[in-house]
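Engineer: Would you be able to build a 3D model of this:
(2 chains)
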Protein chains: 2
Amino acid sequence: MTQVFKDPQALRAAIRSNQFNANTSGQAPGFVQCNLAILPKDWAMEFLQFCQKNPKPCPLISVSDTPGNPMMDGAGQGIDIRTDLPRYRIWRKGELVEEVADISQHWRDDLVTFLIGCSFSFEEALVADGLKIRNVSENKNVPMYNTHIACAPAGRFHGNMVVSMRPFVPADAIRMIQICSRFPSVHGAPVHFGEPSDIGIKHIHQPDYGDAVTIKPGEVPVFTACGVTPQAAIMQAKPDFCITHSPGCMLVTDIPNSKLAIL
Amino acid sequence: MTQVFKDPQALRAAIRSNQFNANTSGQAPGFVQCNLAILPKDWAMEFLQFCQKNPKPCPLISVSDTPGNPMMDGAGQGIDIRTDLPRYRIWRKGELVEEVADISQHWRDDLVTFLIGCSFSFEEALVADGLKIRNVSENKNVPMYNTHIACAPAGRFHGNMVVSMRPFVPADAIRMIQICSRFPSVHGAPVHFGEPSDIGIKHIHQPDYGDAVTIKPGEVPVFTACGVTPQAAIMQAKPDFCITHSPGCMLVTDIPNSKLAIL
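Structural biologist: Presented below is the predicted three-dimensional model:
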């Protein structure tokens, strides 16, 4: 059984020294975990614009100060983005070429780091309010779907929104909408509920990413913009070089989830 | 007396044809007005990062698609940023060199446009809720102050936050905090209330920008991050070339103010 670290700094130290290399789900409860995208400088401005134009699927938590600087102190004490995630994916021209535990040897002076909010933060707020989250109770990855909702394009980045889905009875869906509205930097309020085909989803029981979950009688599927969207846009743009986290292996920051609530 | 346009497109057409060249305050009620900053491409990435790191004083409404493209259709039908504001300021190396009604002759292929939210939007929401805004009732510009609150630096951009001040009795201040929290893209919740010296303001009756307003017995001054902050950061960074709006002469968009409310 995986050890649960309470302190994000202790967790990152264990990751850095290769004593922890698992999924970060459930680790350092209460602290923000982030999706990672690292791009060369000549792609960074357009990607930053893409995120700015599409804040629901691409909520930026932090961007590196200067190209080539691997330290992300704004997100947590002493974070070195080259070593502090359990697993990374290296991409060339949109193709996955390697999965590694450390990107020091891949680091370059022109790389810009983007930290993007993740649903773990709002799921924690929902659970704290007493809501049951089906993917948690069924111990699965949240189901995610491609939609026909177009993102606002920015330069070479474009594509449709990817959404995650959680089923709720209507009263709980209403409460979920209220709670998520407080957290615009981790995807904010949902984008749709009810009929999946309205947003271009054909098979609700066959998600494009993650696992299918049970939808019980009386429940409606609630769809939230998902952090897979920026990855999909990057894969479509096919930059020469790119680094992302491996699915589930996020950057764990020192930022309390509650700090992301705007009210 | 100045004509009041109800329709933002009609107002912009009048501005474009030099039939309207006044302050845009009170024009096209219900629609978002924006601060303008135009920077060369080699300064744009750092400025975008500065805005991303300082969302309260620098809330981005829109950024141009590609350097050199003067059309800002995302903010309103057919907006040509070169002609659709009443008055612009041209800056070189941080010095104001010219004030013009049209920047077509100054336009360059490397210019990137930033539209930044403005307090007019949340003031409208406060008035709609029945709150009285002192700078409105006294027909003055809102008082603004330099503070010692440091912005998060980004590349060559740094500086302290500039705040605007509106006095309220505590019950109204609480309601104002609630309403402004719904509008993160027009400066969001206030940053301080009460003792001005706590944030480095020495003379509450001598604002650094705008006009002094009356603070009545029983009222507390409430301080909100202000869109002058990014201009101050630009002036400090002294880019070779920069264009801003003239004070009070904003870009009037087709975006309804209510669309900026996140809940």
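Engineer: a helix runs through A:N35, doesn't it?
Structural biologist: No: counting by DSSP: H, G, I helix; E, B strand; the rest coil, A:N35 is located in no helix; its state is strand.
Engineer: OK, contacts around it?
Structural biologist: Counting by Cβ atoms under 8 Å, 6 or more residues apart in numbering or on different chains, A:N35 makes contact with A:L115, A:I116, A:G117, A:C118, A:G227, A:P230, A:Q231, A:T244, A:H245, A:M250. C-betas here are computed from N, CA, C, even on glycine.
Engineer: now swap in A:Q236 and tell me
Structural biologist: By Cβ under 8 Å, 6+ apart, the residues touching A:Q236 are A:G94, A:F157, A:H158, A:G159.
Engineer: Could you check how far it is from chain B?
Structural biologist: As judged by Cβ to the nearest Cβ, to the nearest Å, A:Q236 and chain B stand 17 Å apart.
Engineer: Does that residue lie in a helix or a strand, and which?
Structural biologist: Using DSSP states H and E, A:Q236 sits within helix A:228-237.
Engineer: go on, A:Q178?
Structural biologist: When elements are assigned from DSSP H and E, A:Q178 belongs to helix A:170-181.
Engineer: Could you list the buried residues of that helix?
Structural biologist: Neighbour-count burial for helix A:170-181 flags A:D172, A:A173, A:M176, A:I177, A:I179, A:C180, A:S181 (criterion: 16 or more other Cβ atoms under 10 Å in any protein chain shown).
Engineer: ok, it near chain B or not?
Structural biologist: Yes: Helix A:170-181 reaches chain B (Cβ under 8 Å from any Cβ of the partner chain) through A:Q178, A:S181.
Engineer: so what does the helix or strand just after that helix touch, helix or strand wise?
Structural biologist: Counting by DSSP H and E, the next helix or strand C-terminal to helix A:170-181 is strand A:192-193. Under the contact criterion of 3 or more Cβ pairs under 8 Å, 6 or more residues apart in numbering or on different chains; DSSP states H and E, strand A:192-193 touches strand A:220-225.
Engineer: need the contact list for the residue in the stretch 51-200 of chain A that chain B sits nearest to.
Structural biologist: Here the stretch 51-200 of chain A gets closest to chain B at one residue, A:S181, 4.1 Å apart by Cβ to the nearest Cβ. Contacts for A:S181 (Cβ under 8 Å, 6+ apart) come out as A:G188, A:A189, B:I262, B:L263.
Engineer: Show me what from chain A comes close to chain B.
Structural biologist: Near chain B, when you scan chain A using Cβ under 8 Å from any Cβ, you find A:41, A:44-45, A:48-49, A:52-53, A:60, A:63, A:65-66, A:74, A:152-155, A:178, A:181-182, A:184, A:188-189, A:262-263.
Engineer: Go ahead and build a PyMOL selection from the buried members of the residues you listed.
Structural biologist: To isolate the buried ones among the residues of chain A next to chain B in PyMOL, judged by 16+ other Cβ under 10 Å, type:
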select buried, chain A and resi 44+45+48+49+52+53+60+63+65+74+153+154+155+181+182+184+188+189+262
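Engineer: Filter the residues of chain A next to chain B down to the ones in helices?
Structural biologist: Among the residues of chain A next to chain B, DSSP state H puts A:K41, A:A44, A:M45, A:L48, A:Q49, A:Q52, A:K53, A:Q178, A:S181 in helices.
Engineer: from what I can see the fourth one touches B:F50, true?
Structural biologist: No: with contacts defined as Cβ atoms under 8 Å, A:L48 does not count as touching B:F50, sitting 11.4 Å away.
Engineer: picking that back up, got the contacts of A:Q236 as JSON lines, with pLDDT and secondary structure columns?
Structural biologist: Listed next are the contacts of A:Q236 as JSON lines, based on pLDDT from 0 to 100; DSSP: H, G, I helix; E, B strand; the rest coil:
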{"residue": "A:G94", "pLDDT": "92", "secondary structure": "coil"}
{"residue": "A:F157", "pLDDT": "96", "secondary structure": "strand"}
{"residue": "A:H158", "pLDDT": "96", "secondary structure": "coil"}
{"residue": "A:G159", "pLDDT": "96", "secondary structure": "coil"}
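Engineer: Among the residues you listed, which one sits closest to B:K132?
Structural biologist: A:F157 (45.4 Å; Cβ to Cβ).
Engineer: how near is that closest one to B:A10?
Structural biologist: Taking Cβ to Cβ, to the nearest Å as the measure, A:F157 falls 35 Å from B:A10.
Engineer: Check A:A171 too.
Structural biologist: For A:A171, the distance to B:A10 - Cβ to Cβ - is 45 Å.
Engineer: before we move on, what about A:P230?
Structural biologist: Using Cβ to Cβ, we find A:P230 at a distance of 38 Å from B:A10.
Engineer: Can you dump the C-alpha atoms of stretch A:188-203 in PDB for me?
Structural biologist: Extracted in PDB, the C-alpha atoms of stretch A:188-203 (Å, rounded to 0.1, in the frame of the first residue of the first chain):
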ATOM      1  CA  GLY A 188     -14.900  26.500 -12.400                       C
ATOM      2  CA  ALA A 189     -18.600  25.800 -12.900                       C
ATOM      3  CA  PRO A 190     -19.600  22.900 -15.200                       C
ATOM      4  CA  VAL A 191     -20.200  23.500 -18.900                       C
ATOM      5  CA  HIS A 192     -23.200  21.200 -19.400                       C
ATOM      6  CA  PHE A 193     -25.500  18.700 -17.700                       C
ATOM      7  CA  GLY A 194     -28.000  16.200 -19.000                       C
ATOM      8  CA  GLU A 195     -28.100  15.000 -22.600                       C
ATOM      9  CA  PRO A 196     -24.500  14.000 -23.700                       C
ATOM     10  CA  SER A 197     -25.200  14.300 -27.400                       C
ATOM     11  CA  ASP A 198     -25.900  18.100 -27.000                       C
ATOM     12  CA  ILE A 199     -22.100  18.600 -26.700                       C
ATOM     13  CA  GLY A 200     -21.200  15.900 -29.200                       C
ATOM     14  CA  ILE A 201     -20.700  12.900 -26.800                       C
ATOM     15  CA  LYS A 202     -22.100   9.700 -28.500                       C
ATOM     16  CA  HIS A 203     -21.400   7.000 -26.000                       C
END
